[in-house]
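Peer 1: Pasted the sequence and its predicted model underneath.
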Amino acid sequence: MKTGRTYLQLLGLATLATLLLGVFRPAHAAAQEKSATSQTSQYVGVDTCKTCHEELYKNNFENTAHFKTTLHDGHGCESCHGPGSAHVEGGGDVTKIISFTTMSKQDANARCLSCHAAKHEQRHFSGSAHASNDVGCLDCHSPHHAKQPEQLLVSAQPKLCYGCHATAKADFAKPYHHRVDEGLMQCSDCHNVHGTTTIRQVRTMASGDAICAKCHADKQGPFVYEHVPVKTEGCSSCHTPHGSTNPRYLRVSQVNLLCLQCHTFPVQGPAGPSHNQSTKYQACTMCHAAIHGSNASNVFFR
């Protein structure tokens, strides 16, 4: 009886394995076939590639940074597309060469990162906001048909970034804004598009300070008396970095209202105002001029 039950269990497992194999085999058949082809195929060299793709080679490869893959015993086109002998012998059969048009984003990203992951800026790409939102390398870069030669971008910044970041585009249209639309700055001046360990992929200085200090060096310090929010929350605690309807990119229209978000009375911590702000002294920075930090006064007088 026990033997009969064991036999039935084994038969059930075998049937289940057969069904699963039938489900998953079609999904992997093409990948397995291409893998086998790439293992048996041999490198043929760029001169062979040029016999059919000469225009693409001369106009869209030879003048790009990828041309370096042909140097120092490199494989040129085949560095990305894999060995091409089977493709050539098949009369240009596209199923016998690595084609990025039929490849998943994850596979295409892995192919690109096999060379580019060693670069510091791309080291964090797999954990970046772009990767987690299914943005692949080829959504922004085009190895053969780039509209922007620098970084092989499919279109120039900021137009490329605005394709997804419509809110940022609206911010840069506000009266007070960083001059990105005017062409004096680029999104990548402040953001590392390939990923960082910081929020919103914002770049930092070598010292660890915010990228804002790259241009606003007078606000960097160090100061004898530090304004706590500058060090703990950063510039964005008071300013909206892309643009604002308020001067100096402030988050609120009146300076005293911004200050009173922290400096209310009575409070624990920073001392509150000791004068009537409804009738006078409505701009705190008229007296507390060194608001980003001071070497002379612990209340940030000049």
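Peer 2: Yep, that arrived.

Peer 1: Tell me which residues are up against stretch 138-153.
Peer 2: 56, 60-61, 64-66, 80, 100, 105, 108, 112, 154-157, 160, 193 (CB atoms under 8 Å, 6 or more residues apart in numbering). All C-beta atoms are positioned from the backbone trio N, CA, C, and that covers glycine.

Peer 1: For burial, what's the neighbour tally of the residue found closest to residue 176 once you drop the neighbours it is linked to in the chain?
Peer 2: What sits nearest to residue 176 in space, not counting adjacent residues and going by CB to CB, 6 or more residues apart in numbering, is residue 244, at 5.1 Å. For residue 244, the tally of surrounding residues (other CB atoms under 10 Å) stands at 19.

Peer 1: and residue 244, how far is that from residue 172?
Peer 2: Distance of residue 244 to residue 172, given as CB to CB, to the nearest Å: 11 Å.

Peer 1: Could you do residue 215 as well?
Peer 2: Taking CB to CB, one finds residue 215 at 16 Å from residue 172.

Peer 1: quick one: which of these two has more around it?
Peer 2: The residue with more neighbours, out of residue 215 and residue 172, is residue 172; 19 against 12, by other CB under 10 Å.

Peer 1: hang on, residue 231 is in a helix, isn't it?
Peer 2: Yes: counting by DSSP: H, G, I helix; E, B strand; the rest coil, residue 231 is part of a helix.

Peer 1: residues contacting residue 299?
Peer 2: Counted by CB under 8 Å, 6+ apart, residue 299 has contacts residue 288.

Peer 1: What backbone torsions are found at it?
Peer 2: Torsion angles at residue 299 (phi, psi; degrees, to the nearest 10) stand at phi -110, psi 20.

Peer 1: what about the helices in the stretch 201-302 of the chain?
Peer 2: Along the stretch 201-302 of the chain, counting by DSSP state H, counting those that start in this stretch, helices occupy 228-232, 255-259.

Peer 1: what's the closest non-adjacent residue to residue 249?
Peer 2: residue 239 (4.3 Å).

Peer 1: Let me fix that, I meant to ask about residue 255.
Peer 2: Residue 255's closest residue in space is residue 283 (CB to CB, 6+ apart), at 4.7 Å.

Peer 1: Take the contacts of stretch 138-153 and keep only those in helices.
Peer 2: Within the contacts of stretch 138-153, residues falling in helices by DSSP state H are 56, 60, 80, 105, 108, 112, 160.

Peer 1: now, among those residues, which is nearest to residue 300?
Peer 2: Nearest to residue 300 among the ones in helices among the contacts of stretch 138-153 is residue 160, at 41.1 Å by CB to CB.

Peer 1: State the pLDDT value of that closest one.
Peer 2: Residue 160 is assigned a predicted lDDT (pLDDT) of 96.

Peer 1: That one against residue 154, yeah?
Peer 2: Yes: counting by CB atoms under 8 Å, residue 160 touches residue 154, with 6.5 Å between them.

Peer 1: mind listing the strands for the stretch 101-250 of the chain?
Peer 2: 176-177, 225-226, 243-244 (DSSP state E, counting those that start in this stretch).

Peer 1: Those strands: which one's closest to residue 164?
Peer 2: Nearest of these (CB to CB): strand 243-244, 17.6 Å.

Peer 1: which helices and strands does that closest one pack with?
Peer 2: Packed against strand 243-244, as judged by 3 or more CB pairs under 8 Å, 6 or more residues apart in numbering; DSSP states H and E, are the following elements: strand 176-177.

Peer 1: Quick one: list the elements packing against the strand it packs on.
Peer 2: strand 243-244.

Peer 1: Just checking the distance from the strand it packs on to the centre of its chain.
Peer 2: 22 Å (CA atoms, centre = their mean, to the nearest Å).

Peer 1: what lines up beside that strand in the sheet?
Peer 2: strand 176-177 (antiparallel) (DSSP bridges).
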